[in-house]
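Participant: Build me a model:
(one chain, ligands or ions: 1)
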Amino acid sequence: MRDQSKGRIVSFSPKVFIPLTRLCRDFCSYCVFRQSPQQAESLYMNPEEVLEVARAGQQAGCREALFVLGERPEQRYPEARKWLEDHGFTSTIHYLKAMCELVLEETRLFPHSNPGTMTERELQTLRPVNVSMGLMLESTSEHLYQPGGPHEHAPSKHPRARLRTLELAGELKIPFTTGLLVGIGETAQDRIDALEAIQDLQQRFGHIQEVIIQNFCAKPDTPMEQSSEATREEMLETVALARILLGPEMNVQVPPNLTAPYWIYLEAGINDWGGISPVTRDYVNPEASWPQIVKMQQQMKDRGYQLRARYPVYPEYFMERSDFIAPELVKRLRQEADSEGYFDGHNWSGSPLSGATTSDSHREMRL
Ligand code: SF4
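Facilitator: So this is what the prediction gives:
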């Protein structure tokens, strides 16, 4: 099914990860990204820090500025509210918008934001400065939200809240990334239900640009430290089900830094490896380093596939149509992209930062 639509092309998005704030109003039992104001070195990254990372990414050949941040920290922490007020912003979303604008003005990178659940107005605020946005559905299981579940203290993880954001994004025609977090206590039927919910959204709005099937990895010093993880068979089965339920056209992705060897998912039907950074680490799974891009190119070739660099929005949303992205951004994408909507010019082996997990990088240390 994958080959019918995608052939033997497997894409990835060269990116930098910009953790604008690690403060969050929620507490998910598996999360190591979130920090309290006391733990955080700084409450928000300042504009100079954002630009420094974005420029390092540009130099290393990236085109995606992935903004990942905690959910509405100003609702829980007076420190966050004060920081925003002191800097002239009414909310984290407004500060995020300003940082997206800055990256667009100063670099060749395209923002893709993941700020959690959003209202219609918040989505409208970010749409003009993002080529796509994302929100992991994770699961539609209500059980995970009950006492003792991983989402008990995370109101934004309620399936209804997440489905509503995904629905609003569809109404506003925003290319959207979503997906499942596999192995957090859901059943096999729950995974099918979640895939069917995504299928329903896609049939109604056509805005689901990709579906990530991500395996939960238990982290030390979290309440789920001792929880069992999804088996390889469960992951392969879920990837294959995603391909079958969502069809040949859907972009199905597995992060390549969370399974070894990562290429087992090719035969289950994926066609994308998601964002890979030659500059910044994976802040959500800090223990997992990215594969070296130049090695991936060879590994794909050895297996009969071609690895291609894409933008944080897939070609089908800007090459043939212009109703899904702000006109200025469509223009910029078309000017930059090759005739198929990719960009393959960068020599990844020539990049001084190629393959770095950057735990050793100067920029990373400063972050
Ligand atoms: S909402 Fe996101 S950042 Fe916040 S605790 Fe949950 S996983 Fe972590």
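
Participant: Can you name the residue of the stretch 151-300 of the chain nearest the ligand?
Facilitator: Ala154 (5.1 Å; C-beta to the nearest ligand atom). Yep, even glycine has a C-beta here, placed from its N, CA and C like the rest.

Participant: Identify the residues contacting the closest residue to Glu138 other than its chain neighbours.
Facilitator: Nearest in space to Glu138, with sequence neighbours left out and distances taken as C-beta to C-beta, 6 or more residues apart in numbering, is Leu181 at 4.2 Å. Residues in contact with Leu181 (C-beta atoms under 8 Å, 6 or more residues apart in numbering) are 136, 138-139, 214-216.

Participant: Try it again at 7 Å.
Facilitator: Neighbouring residues of Leu181 by C-beta atoms under 7 Å, 6 or more residues apart in numbering: 136, 138-139, 214, 216.

Participant: Then it would be within a helix, right?
Facilitator: No. Counting by DSSP: H, G, I helix; E, B strand; the rest coil, Leu181 is not part of a helix but strand.

Participant: per-residue confidence at it?
Facilitator: In this model, Leu181 is scored at 97, pLDDT.

Participant: looking at the sheet around it, what are its partners?
Facilitator: Gln214 (DSSP bridges).

Participant: Give me the distance between it and Gln226.
Facilitator: Distance of Leu181 to Gln226, computed by C-beta to C-beta, to the nearest Å: 18 Å.

Participant: what's the answer for Gln124, then?
Facilitator: In terms of C-beta to C-beta, Gln124 sits 43 Å off from Gln226.

Participant: quick one, which of those two is more surrounded?
Facilitator: Neighbours per residue, other C-beta atoms under 10 Å: of Gln124 and Gln226, the larger number sits with Gln124, 13 against 7.

Participant: Which strands and helices lie in contact with the strand or helix carrying the more buried one?
Facilitator: Using DSSP states H and E, Gln124 sits within helix 120-126. Packing partners of helix 120-126 (3 or more C-beta pairs under 7 Å, 6 or more residues apart in numbering; DSSP states H and E): helix 92-106, helix 159-171.

Participant: Disregarding residues adjacent in the polypeptide, which is nearest to the residue of the stretch 151-300 of the chain closest to the ligand?
Facilitator: Nearest non-adjacent residue to Ala154 (C-beta to C-beta, 6+ apart): Asp26, at 3.8 Å.

Participant: Now do the contacts for the one you found.
Facilitator: By C-beta under 7 Å, 6+ apart, the residues touching Asp26 are 71, 153-157.

Participant: Let me know the outermost residue of this protein.
Facilitator: Asp86 (29.4 Å; C-alpha atoms, centre = their mean).

Participant: Please report how far that one lies from Val294.
Facilitator: When Asp86 is compared with Val294 (using C-beta to C-beta), they lie 44 Å apart.

Participant: what's the first-to-last distance across stretch 202-210?
Facilitator: Stretch 202-210 has an end-to-end distance of 10 Å (C-alpha to C-alpha, to the nearest Å).

Participant: on that earlier part again, ramachandran angles for the residue farthest from the centre of the chain?
Facilitator: phi -60, psi -30 (degrees, to the nearest 10).

Participant: Quick check: buried residues in stretch 84-93?
Facilitator: 84, 89, 91-93 (16 or more other C-beta atoms under 10 Å).

Participant: what's the most distant pair in those residues?
Facilitator: Farthest pair in those (C-beta to C-beta) is Leu84 and Ile93. Separation: 10.1 Å.

Participant: can you pull the contacts of the residue nearest the centre of the chain?
Facilitator: Note on the chain: the residue nearest the mean C-alpha position is Gly134, at 6.0 Å, using C-alpha atoms, centre = their mean. By C-beta under 7 Å, 6+ apart, the contact set of Gly134 is 112, 114, 176-178.

Participant: swap in Gln297?
Facilitator: With C-beta under 7 Å, 6+ apart, Gln297 has these contacts: 307, 348.

Participant: sec struct for it, please.
Facilitator: Gln297 is classified as helix under three-state DSSP.

Participant: mind checking pLDDT for it?
Facilitator: 94.

Participant: Okay, now the unreliable bits of the stretch 201-350 of the chain?
Facilitator: Within the stretch 201-350 of the chain, the set of residues satisfying pLDDT under 70 comprises 350.

Participant: Work out for me the element Ile174 sits within.
Facilitator: Using DSSP H and E, no helix or strand contains Ile174.

Participant: how close does it sit to Leu126?
Facilitator: Applying C-beta to C-beta to Ile174 and Leu126 gives a distance of 8 Å.

Participant: just Lys97 next, same as before
Facilitator: 6 Å.

Participant: do the same with Ser13
Facilitator: Using C-beta to C-beta, Ser13 is found at 18 Å from Leu126.

Participant: now Arg164
Facilitator: 16 Å.

Participant: Mind checking which of the two has more residues around it?
Facilitator: Leu126 (20 against 15).

Participant: Read off the pLDDT value for the more buried one.
Facilitator: For Leu126, pLDDT reads 98.

Participant: so it sits right up against Ser132, yeah?
Facilitator: No. Judged on C-beta atoms under 7 Å, Leu126 makes no contact with Ser132 at a distance of 10.4 Å.
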